[in-house]
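Student: return a 3D structure for these sequence lines:
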Amino acid sequence: MLARLSDVPMLVWVIVGLLLLTGARYVQLRLRRRRNRAVERRSVRGLRLLHHGLTTFARFNDDRVPTSLDGDDWAFARAYAFCPVPRWGFDSRLVIAYDRDARHQLMEFPMLRLGRAVLLATGKIAVVSEAQFEQLLAADKRLRAKLAESDES
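Tutor: Next up is the predicted model:
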């Protein structure tokens, strides 16, 4: 048996070794990410609750949305940055709220990157990396400026 193992070309052994190392790294990242799951679920659940609260508020206040989330009714939302809109349903492309801190771990092999959960006006929650988050906020800022200009005229 050992004579046959030595007949295997060195390239095959190198490839097998690399596959084992890659698999081990993947498992390591999955385990590290799993430890953070509870925090990620709380964050997403809080954003869902915030969307439900804002929808309910708008329903009973002629589609108006609060300008800030101060007060005891919104105490759960202090973990999120709130981006108020003029009225509910104003534009479905706007960002309503997002995590104040990067809490999510996104696997981008061979590493984990930090990310944030973002609540869009449609009610969809997207988890994006920090780089994508910066681009999303810049696009949201441009869209808000454009909408403000068209709303004034």
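Student: and the next element down the chain from the lengthiest helix in the chain?
Tutor: Ranked by residue count, the top helix of the chain under DSSP state H comes out as helix 10-35. Toward the C-terminus, helix 10-35 is succeeded by helix 37-60 as the next helix or strand (DSSP states H and E).
Student: which strands and helices lie in contact with that following helix?
Tutor: Counting contacts by 3 or more C-beta pairs under 8 Å, 6 or more residues apart in numbering; DSSP states H and E, helix 37-60 packs against strand 80-82, strand 95-99, strand 104-108, strand 111-120, strand 125-129. In this view, the C-beta of every residue, glycine as well, is placed from N, C-alpha and C.
Student: want to try TSV for those strands, with mean neighbour count, mean pLDDT and distance to Asp151 as columns?
Tutor: Output for the helices and strands packed on helix 37-60, formatted as TSV (neighbours: other C-beta atoms under 10 Å; pLDDT from 0 to 100; distance: least, C-beta to C-beta, whole Å):
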stretch	mean neighbour count	mean pLDDT	distance to Asp151
strand 80-82	20	94	20
strand 95-99	23	95	18
strand 104-108	17	85	34
strand 111-120	19	91	20
strand 125-129	17	94	26
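Student: minimum distance to Arg30: which of those strands has it?
Tutor: strand 104-108 (7.4 Å; C-beta to C-beta).
Student: report all helices and strands that the closest one contacts.
Tutor: helix 10-35, helix 37-60, strand 111-120, strand 125-129.
Student: contacts only, for the closest residue to Arg48 other than its chain neighbours.
Tutor: Nearest residue to Arg48, sequence neighbours excluded (C-beta to C-beta, 6 or more residues apart in numbering): Ile125, at 6.8 Å. For Ile125, the contact set (C-beta atoms under 8 Å, 6 or more residues apart in numbering) comprises 44, 47-48, 51, 117-119.
Student: of these, closest to Ala97?
Tutor: Leu119 (4.5 Å).
Student: in this structure, which residue is closest to the centre?
Tutor: Using C-alpha atoms, centre = their mean, the residue of the chain that lies closest to the mean C-alpha position is Val127, 1.8 Å off.
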